[in-house]
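> Sequence first, predicted model second:
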Amino acid sequence: LTNQRASVQLITKDCTLFYANYDLAEKSYYGIIHKVSNIIGKLNETNEIVGTIEERQIQKKNIENNKKKLILICLNESSKLMSINKHELAIPAAILALKYSKQLEGEKSLLIVEPNLHLGQAFLSIKEYSKALENLSLARWIVLNHSDCPNSTLCRLHMLLGRVNTAQGHFEESKDEFANAIYYSSCYSGPESVATSMGYYRLGDVFLALGSIDNALAYFDKVVDIWYKYLSALHHTIDPLFIQISIKPDVKLLNSNEPLETLSDEFITDGRNQLEQIYDHRKRILGARHIAVGEVE
C-alpha cells in the first residue's frame with residue numbers, strides 16, 4: 001500500500017498479512033480483512049501440483065472463482081462503507097479488489113476500472129485530491145482503449161473527475177467533465193432522469209462559482225423540474241386524485257406506463273441535499289418571496 005518496509009503483522013486464523021504500520025493494519029482489518037480472510041487464505045495456499053489436464057483446469061477455475069468472489073465482496077463492502085462516510089475504511093477494500101482484478105485480467109482490462117472509481121471517490125471524500133486524480137486518470141486511460149465501456153461507468157468517471165477539478169478550483173475543466181457525465185447519463189437513463197439531474201446540479205454549481213448566475217439558475221431550474229416530475233409521478237402511484245388537484249398545468253408528467261426509477265437511500269439523501277442547496281441559492285439570489293424559492297420549498 002505504501003511502498004515502505006513492512007513492520008506489522010496482521011495475523012488471522014486463515015492468513016497472515018504485512019503492513020507498514022499499525023494504523024494501516026487496523027484500517028485494513030476492520031475495513032475488509034475480517035470478512036474475507038478465509039478467501040485470502042485459500043488463495044495464499046501453496047497448491048499441490050496436480051497431474052492431469054482436467055485436474056489442473058479444475059484447480060485453475062476454483063482459483064479464478066475465489067478471486068471473482070473476493071472482488072465482488074470487496075467492492076460491495078467499499079460501497080457500503082462510503083455510503084456511511086467511512087471512507088478511510090473503504091480504501092483497503094477497494095485496493096484489495098484492484099489487486100485481484102489485475103491478477104484476473106491484467107492492468108489494462110475494464111475490470112480494474114471499478115476499483116479505481118471506488119478509490120477515486122474515497123480519496124476525494126478525504127480530500128486527498130492527488131491520489132483521487134491518479135486513480136481516476138488511470139480509469140480514464142483504460143476506458144479510452146475500450147469501446148465497450150458501459151455508459152453508466154463513463155458517467156461516474158466523468159462525474160468524479162469533475163468533482164475533483166471543482167474541489168481544486170479548476171472550474172473550466174470541471175465544466176467539460178460534468179457535461180460529459182450528463183451526456184453518458186442521458187444515454188443510459190435518459191435526459192429527464194433523476195440520475196441525470198445530479199450532473200445538471202454539479203454544472204449549475206460550477207457556473208455559480210464562475211459568477212455566471214443566469215446559467216447557474218437555468219441548470220438549477222432543470223434539477224427542480226426533474227425532481228418535481230418524479231415526485232409527482234410517485235405520488236400519483238399512491239393517490240391518483242393528486243394529479244387532478246395539485247399538478248401545475250404547464251408540467252408534463254412522466255409517462256405513466258414507464259416504471260419509475262428506483263433510488264437508493266444514498267441517492268435520495270444526495271438529492272435532498274442538492275435541493276436544499278438550490279433553495280438557499282435561489283433565496284439568496286432572487287429573494288425569499290420569489291416564486292422560484294417557494295417552488296423548491
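Received the coordinates, thanks.
> list the contacts for the spatially closest residue to residue 38 that is not a sequence neighbour?
Once its chain neighbours are removed from consideration, residue 38 has its nearest residue in residue 14; the separation is 4.8 Å (C-beta to C-beta, 6 or more residues apart in numbering). Quick note: C-beta positions are derived from backbone N, CA and C, even for glycine. If a contact means C-beta atoms under 8 Å, 6 or more residues apart in numbering, then residue 14 has 37, 38, 40, 41, 42 as its contacts.
> so where's the stretch 1-150 of the chain shaky on pLDDT?
Counting by pLDDT under 70, the stretch 1-150 of the chain has low-confidence residues at 1-2, 46-50.
> Which stretches in it count as strands?
8-11, 16-19 (DSSP state E, counting those that start in this stretch).
> In the last one, which of the residues would be classed as buried?
For strand 16-19, burial by neighbour count (16 or more other C-beta atoms under 10 Å) applies to 17, 19.
> Isn't residue 6 up against residue 20?
Yes: distance between residue 6 and residue 20: 6.1 Å, which falls inside the contact criterion (C-beta atoms under 8 Å).
> PyMOL command for the buried members of the contacts of residue 14?
Below is the selection syntax for PyMOL that covers the buried ones among the contacts of residue 14, with 16+ other C-beta under 10 Å defining burial:
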select buried, resi 37+40
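> Residue 118: which of the contacts of residue 14 is nearest?
Using C-beta to C-beta, residue 40 is the member of those that sits closest to residue 118, with 18.6 Å.
> Can you give me the distance of the closest one to residue 225?
49 Å (C-beta to C-beta, to the nearest Å).
> Around residue 109, how many other residues sit close by?
The local packing of residue 109 (other C-beta atoms under 10 Å) involves 14 other residues.
> thought it was touching residue 145?
No: Residue 109 sits out of contact with residue 145 when judged by C-beta under 8 Å, with a separation of 9.9 Å.
> what about residue 152, how many residues close to it?
14.
> swap that for residue 123, sorry
Using other C-beta under 10 Å, residue 123 has 25 neighbouring residues.
> ok, the residue nearest to the spatial centre of the chain - contacts?
The centre of the chain sits closest to residue 156, judged by C-alpha atoms, centre = their mean, with a distance of 5.9 Å. Contact analysis of residue 156 by C-beta under 8 Å, 6+ apart lists 117, 181.
> Let me know the next secondary structure element after the helix or strand containing it.
Secondary structure assigned from DSSP states H and E places residue 156 in helix 151-167. Taking DSSP H and E as the definition, the helix or strand that follows helix 151-167 towards the C-terminus is helix 171-189.
> and that following helix, which residues are buried?
In terms of neighbour count (16+ other C-beta under 10 Å), helix 171-189 has its buried residues at 171, 173-175, 177-178, 180-186, 189.
> what about the nearest residue to residue 176 once chain neighbours are set aside, neighbour count?
If the residues on either side of it in the chain are set aside, residue 176 comes closest to residue 162, at 8.0 Å by C-beta to C-beta, 6+ apart. In terms of burial, residue 162 registers 27 neighbours under the definition other C-beta under 10 Å.
> I'd like the distance between residue 162 and residue 174.
Look at residue 162 and residue 174: by C-beta to C-beta, they are 4 Å apart.
> Quickly list what's touching both of the two.
Residues within reach of residue 162 and of residue 174 at once, by C-beta under 8 Å, 6+ apart, are 202, 206.
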